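Participant: turn this into a model:
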Amino acid sequence: MKILVTGANGYLGQGIVKRILDNGHSVIATDLQTPLVDKRAKRIDCNLYDIVNPYSYFDEPDVMLHLAWRDGFVHNSDAHIEDLPKHYKLLNSMMKTGLKQIAVMGSMHEIGYYEGSIDENTPCRPMNMYGIAKDALRNIVQLLANQNQCIFQWLRGYYIVGNSKFGSSIFSKITTAQLEGKKKFPFTTGQNQYDFLDYDDFCSQVAATVGQKKITGIINICSGKPEKLSDRVERFIAENGYSIKLEYGVYPDREYDSIAVWGNCNKIQKILFDNEYGC
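Facilitator: Numbering: from 1, shown residues only. All right, here's what the predicted structure looks like:
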């Protein structure tokens, strides 16, 4: 298939584009600039929200994977709400003019405070602007997809583990601190349990999902099991041979961070099984 990936030059976009290409699809990759995108992709540098007739402009893709999002790790940034009309206008135009499959990156922050396993029927009560905006966009895109007979896939992401200094996760921040020669890293108590997924596995799950049409709706991109934050971070430090030490208790836990939360992995495991065995 021909797959359009927005936000392709970002931390997630780079790995996802590569994995989609490895799976045998062609990729149209777009971002403000695309120097870090796999050279096998057709790269288009632009502000995609300014494009007139984007479906035609991006060569009528079979699938659109919408990763582009500003200030994703600044959970109460005004940008989340300010940009919502831009996402709506772009995705609405794509579906109205011919797009047949839309996949959008979501977030477990749509759920808000919750304890236990999250599936597609778990109620959403977001507690920060990021989660509120993602939850709103999910409802908008699902409505538009139904109206335009477009396949709808909402990829609900959890916690990504990677040692790139370019990301904004705690793991990227620890990597940056290590490279800067810092001896200590200020930390919370680390007692909360989350669903962690290694970067390469995250990219593989996303690529497999958008490369098929059978399983749709809300799909958790996840490991399916909880792990204590302190255990995963300490293991990350050991796996990468870092010397930096965690300074526990410097920061309080955020009020919207759940004690224990993880994704139900039934749908993604079925996708991965079908992808591997050609079902």
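Participant: G98: what secondary structure?
Facilitator: Here G98 is recorded as coil under DSSP: H, G, I helix; E, B strand; the rest coil.
Participant: need the contact list for the closest residue to it other than its chain neighbours.
Facilitator: Spatial nearest neighbour of G98, chain neighbours left out: Y55 (5.2 Å); criterion: Cβ to Cβ, 6 or more residues apart in numbering. For every residue, glycine as well, the C-beta is placed using N, CA and C. Residues in contact with Y55, defined by Cβ atoms under 8 Å, 6 or more residues apart in numbering, are 61, 93-94, 97-99.
Participant: switch to 6 Å and redo it
Facilitator: 94, 97-99 (Cβ atoms under 6 Å, 6 or more residues apart in numbering).
Participant: what residues sit buried inside the helix or strand hosting it?
Facilitator: When elements are assigned from DSSP states H and E, Y55 belongs to helix 54-57. Within helix 54-57, the residues that count as buried by 16 or more other Cβ atoms under 10 Å are 54-55.
Participant: can you identify the element that follows that helix toward the C-terminus?
Facilitator: strand 63-66.
Participant: neighbouring strands - and their directions - for that next one?
Facilitator: strand 2-6 (parallel), strand 101-107 (parallel) (DSSP bridges).
Participant: nearest to L12 among these would be which one?
Facilitator: Comparison of the strands paired with strand 63-66 against L12 by Cβ to Cβ identifies strand 101-107 as nearest, at 7.2 Å.
Participant: please state the offset of the closest one from the chain centre?
Facilitator: Offset of strand 101-107 from its chain centre (Cα atoms, centre = their mean, to the nearest Å): 8 Å.
Participant: with stretch 33-53 instead?
Facilitator: 18 Å.
Participant: can you point out the buried residues in that stretch?
Facilitator: Buried, per 16+ other Cβ under 10 Å, within stretch 33-53: 34, 37-38, 41, 43-44, 48, 51.
Participant: now do the helices in this protein.
Facilitator: Under the criterion DSSP state H, the chain contains helices at 11-22, 54-57, 79-82, 84-96, 129-147, 170-179, 199-210, 229-239, 266-277.
Participant: to I221, which of those helices lies closest?
Facilitator: Using Cβ to Cβ and comparing those, the one that lies nearest I221 is helix 199-210, at 4.8 Å.
Participant: which helices and strands does that closest one pack with?
Facilitator: Contacts defined by 3 or more Cβ pairs under 6 Å, 6 or more residues apart in numbering; DSSP states H and E place helix 199-210 against helix 11-22, strand 217-221, helix 266-277.
Participant: how about those in CSV, adding distance to P186?
Facilitator: What follows is those, written out as CSV (distance: least, Cβ to Cβ, whole Å):
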stretch, distance to P186
helix 11-22, 22
strand 217-221, 29
helix 266-277, 34
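Participant: can you tell me which two in the buried residues of stretch 33-53 are farthest apart?
Facilitator: Longest span within the buried residues of stretch 33-53, Cβ to Cβ: D38 and I51, 22.0 Å.
Participant: need the contact list for the residue nearest to N76 when sequence neighbours are not counted.
Facilitator: The shortest distance from N76 to any non-neighbouring residue, by Cβ to Cβ, 6+ apart, is to M129 (4.8 Å). Taking Cβ under 6 Å, 6+ apart, we find M129 in contact with 76, 80-81.
Participant: and if you look at N163?
Facilitator: 175, 240.
Participant: among the buried residues of stretch 33-53, which lie within strands?
Facilitator: 43-44 (DSSP state E).
Participant: nearest to R156, of the buried residues of stretch 33-53?
Facilitator: R156 has its nearest neighbour among those in L48, at 22.6 Å by Cβ to Cβ.
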